[in-house]
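1. Let me see the structure of the following:
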Amino acid sequence: MKYKNKLALISVLILSIFTFSCASKETKNTEDNTTSINVILGKSAVNTKTVNMELTGQVESAHASNIATRIMGYVTKIYVKVGDKVNAGQLLFSINSTDILAKKGQVDASVRQAEAALHVAQKDFDRYTVLYKQASASAKELEQVNLQYQSAKSGVDAAKSMQAEVIAQLTYANVVAPFSGVITQKLADEGSLANPGMPILTIEQSGTLQISAMAPENSIANLKLGENAAVTISAANINFIGKITQINPSSQLTGGQYIIKVSIPNTVSNKVLAGMYANLLIQNSKTVKLDTNSYKNLLVPASAIIYRDQLTGIYTVGSQNTALLRWVRLGNNFGNNIEVLSGLAKEESYIISADGKLFNGAKIKIK
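-> Next comes the predicted model:
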């Protein structure tokens, strides 16, 4: 009996040892299966180096005009089409002017009537002048005739002014090109009712193209007139150097953005068309001094940003050396760097690159 009890006790001990050994081995295997990903860290800081500014703009004509009429009427004829080259003074379109022609007939008759009245008044004045010198007419009679003569002259002047007004209205009915250029838009068709100021055509002057772009308010202070801009127009497959020719000093009507103009050299102006998009790299920018009291102007490498659908994030270092995805809001691009407006604190570490695929909670090993 004692022998059996000893045998049972020995069996229990052996089983316990085996179980503990298996558990330890399993735990060891589990720990071994968890590998760390080698990463390189960066530390967020404000930018104090000279940077190149990247902007997007659009090619436009330096001199463009919307052609409209100053009278109301139906468009009777449009003599040009989109793409036509026109010369200054060339007839572009006509507006129905039947009512103006009728009014012109009336004022022409008024002018003739006023001139006839003036002719009679002048003869009376000349006759009474002779009679007055011969003492056959009184001074009062001469004065009265003179007043009638002056009134007739004023009547002619008024009639001719009305005639000039009608003639001017007729010129608005036949609209001509204000300068030589190319028709780029046709905004109405024949038979349309034209109202004063309503554009009918758009004309752009040939050979005078420029690029219009918008610069953010935190960058406008670093731009200056005459500064070089490296321009790439992908649609035309060309690259060239332009110069900043204009900087709008106000952003009141552009949502906090400042409009700048960049010239296009004549050597390449015949290769681009108005409306093409252009990428600008402003060179020789001044040193950018950003706000060190907040993290809204932090710069990080663009390669460190993670894109998930509509969200943007960056991996930071969590507790126990694990990767932690932090969602951030981005600003403008500065060369290979990108501005972080929110979501990342100053002097906070983040992961620039990793040897493996990162995910939330992944163990990392800092190189």
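
2. Wait, Asn38 touches Lys363, no?
-> No: between Asn38 and Lys363 there is no contact under CB atoms under 8 Å: 10.6 Å. Where you see a C-beta, it was placed from the backbone N, CA and C, and this is true even at glycine.

3. Give me the below-cutoff pLDDT ranges for this protein.
-> Residue ranges of the chain with pLDDT under 70: 1-34, 44-52, 207, 283-297, 335.

4. Walk me through the domains of it.
-> 37-49+290-366, 53-62+208-282, 64-176 (automatic domain parsing).

5. Centre of the chain to the longest one, how far?
-> Mean C-alpha position of domain 64-176 versus that of the full chain (CA atoms, centre = their mean, to the nearest Å) differs by 46 Å.

6. now swap in the second one and tell me
-> For domain 53-62+208-282, the distance from its own C-alpha centre to the chain's C-alpha centre is 10 Å (CA atoms, centre = their mean).

7. How far does it stretch from one end to the other?
-> The first and last residues of domain 53-62+208-282 sit 5 Å apart, counting by CA to CA, to the nearest Å.

8. go on, the last one?
-> The first and final residues of domain 64-176 sit 15 Å from each other (CA to CA).

9. Flag every buried residue along stretch 70-80.
-> For stretch 70-80, burial by neighbour count (16 or more other CB atoms under 10 Å) applies to 71, 73, 75-76, 78, 80.

10. can you redo those residues as TSV with distance to Gly226?
-> Converted to TSV, the buried residues of stretch 70-80 look like this (distance: CB to CB, whole Å):
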residue	distance to Gly226
Ile71	45
Gly73	48
Val75	45
Thr76	49
Ile78	42
Val80	38
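
11. Out of these, which sit inside strands?
-> Judged by DSSP state E, the subset of the buried residues of stretch 70-80 located in strands is 73, 75-76, 78.

12. can those go into CSV with extra columns for distance to Ala221?
-> CSV is the format used below for these (distance: CB to CB, whole Å):
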residue, distance to Ala221
Gly73, 51
Val75, 49
Thr76, 54
Ile78, 48
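
13. Nearest to Met53 among the residues you listed?
-> Nearest to Met53 among those is Ile78, at 44.0 Å by CB to CB.

14. leaving aside the residues next to it on the chain, what's closest to that closest one?
-> Excluding its sequence neighbours, the residue lying closest to Ile78 (CB to CB, 6 or more residues apart in numbering) is Phe93, at 4.4 Å.

15. The one you found and Lys77: what is the separation?
-> According to CB to CB, to the nearest Å, Phe93 stands 6 Å off from Lys77.

16. does Gly185 count as helix, strand or coil?
-> Careful, residue 185 is Gln and not Gly. Using DSSP: H, G, I helix; E, B strand; the rest coil as the criterion, the local structure at Gln185 reads strand.
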